[in-house]
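Trainee: return a 3D structure for these sequence lines:
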Amino acid sequence: MNRSTNRRLLATFAAATTLAFAAPAFAQEGAAAAAPDATVGKVTGDSLTIGAAGVYIPDYEGSNDYRFAPAPIVLAKWHGFGLQILGNRASVDLIPDRGQWNFEAGPIGVINFNRSDPDAIKDIRVARLRERGNAFELGGYLGVSKTGVITSPYDTLSLSVSYRHDLTRAHDSGIWQPSISYVTPLSRKLAVGINAQAQHVERGYANAYFNIGPIQSAASGLPQYSTDGGWKSYTVAAFVTHSLTGDLLHGFKIVAGGGYTRLLGGFARSPIVTVAGTPNQWLGAVGVAYTF
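Mentor: Here you go, the predicted structure:
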C-alpha cells in the first residue's frame, strides 16, 4: 500500500468519523459540536463520496430519551482542497495537501436544532420550556495532521481547534472545540479510529439551553436555575468503515460509529439534566456511502 493510496483510504474513513460525532448534534448544538473539525486522512487526487446514515441521538442536549434521525454524507476533494457536508455541518479545507505533514484551515457552518421542535421532545417538562429557534453558527478551524506516527507508515494523527458563533441570536454566543483523532487502515477494505474532544461555551449558550427563569419554571414545573459559560462537555468515540465491494477507495462501504458524551460542571447540574434527563449521553450512527 503506497502513501498516496493510504491517504485516499483514510479520507473515505473521515465520513464515518465525522458523521458519528455529528449524531448528538441533531438534537443538541449542531454537528460541528461533536465532530472533529480537521479532516481525518487526506486524499491525493480528486474524489467524491456521497451517502446517508441513520443516527441515534438524545431528544435534546442532556436528555435521557432517544430517537433516530437521517443524515447526509458528502465528501469532496479537488486539487487538494476539501469539502465536507455531514448532517447539519459543512466545512471547507482551504489548504492543499502537501505530504506527510498537512495543515488544515477553513470555514465551518452549523445549523443548531437543539430544542427548536418541542414535538420531538418526549419529556413534557422540557417541551414546555421556551422554544428555541434554529441557530446558524459560523466560524473556522485550524488543524494539523501527520501520517505514519504509531502503528505503521499509514496511520494518521490529527489535532484541531475550532471556534464558531451564533449569527441568528438563538443563543448569540460562541463555542470553542479542541479535538484529537487517530485513524489507521487495517487493509484496503477496513479502517478503524478513535477521537476525543471537548467543548467550551460562552454564557449565552448556557442561558439559552440550560438556565431556567421564573416564567419557564412555572410553565414546566422544573426549578429555577442559572449557570455561566465554561467547559460544557467532553466526548470520546470509536469508528469503523468496511468496503462492500472490495476497496474503500471506490464503490460502496458501510460506515459506523458510537461514542459517549459527558456534561460537566454547572451544565450537568441543570434541572433539564438532573431532574428530566442525565449528564451521560450516548450516540451512534450507521450508514452506507459510495466513493467515485
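Trainee: what's the helix or strand for G204?
Mentor: helix 203-209 (DSSP states H and E).
Trainee: CA atoms only for that helix - export them in PDB, please.
Mentor: Extracted as PDB, the C-alpha positions of helix 203-209 are listed here (Å, rounded to 0.1, in the frame of the first residue of the first chain):
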ATOM      1  CA  ARG A 203     -22.600  32.500  28.700                       C
ATOM      2  CA  GLY A 204     -25.300  32.900  26.100                       C
ATOM      3  CA  TYR A 205     -25.200  29.200  25.300                       C
ATOM      4  CA  ALA A 206     -25.700  28.300  28.900                       C
ATOM      5  CA  ASN A 207     -28.600  30.800  29.300                       C
ATOM      6  CA  ALA A 208     -30.300  29.500  26.100                       C
ATOM      7  CA  TYR A 209     -30.200  25.800  26.700                       C
END
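Trainee: with adjacent residues omitted, what lies nearest to P223?
Mentor: The shortest distance from P223 to any non-neighbouring residue, by Cβ to Cβ, 6 or more residues apart in numbering, is to P271 (5.3 Å). For glycine as for every other residue, the C-beta is placed from the backbone atoms N, C-alpha and C.
Trainee: now do the phi/psi pair for A268.
Mentor: phi -70, psi -20 (degrees, to the nearest 10).
Trainee: so it sits against T278, correct?
Mentor: No: A268 is beyond contact range of T278, at 9.1 Å (criterion: Cβ atoms under 8 Å).
Trainee: comparing the two, which shows the higher neighbour count?
Mentor: Using other Cβ atoms under 10 Å, the more surrounded residue of A268 and T278 is A268, with 19 against 16.
Trainee: okay, the residue nearest to P223: pLDDT?
Mentor: Predicted confidence (pLDDT) for P271: 98.
Trainee: contacts only, for it.
Mentor: Applying Cβ atoms under 8 Å, 6 or more residues apart in numbering to P271 gives the contacts 212, 222-223, 225.
Trainee: in TSV: these, plus neighbour count.
Mentor: As requested, the contacts of P271 are arranged in TSV below (neighbours: other Cβ atoms under 10 Å):
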residue	neighbour count
I212	21
L222	21
P223	11
Y225	19
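Trainee: out of the residues you listed, who's nearest A120?
Mentor: L222 (18.4 Å; Cβ to Cβ).
Trainee: please, which helix or strand holds that closest one?
Mentor: Counting by DSSP H and E, L222 is found in no helix or strand.
Trainee: over to the one 10 residues further on?
Mentor: Assessed by DSSP H and E, K232 sits inside strand 230-243.
Trainee: in whichever helix or strand comes after that strand, what's buried?
Mentor: Note on strand 230-243: by DSSP H and E, the next helix or strand toward the C-terminus is strand 251-263. Within strand 251-263, the residues that count as buried by 16 or more other Cβ atoms under 10 Å are 253-259, 261, 263.
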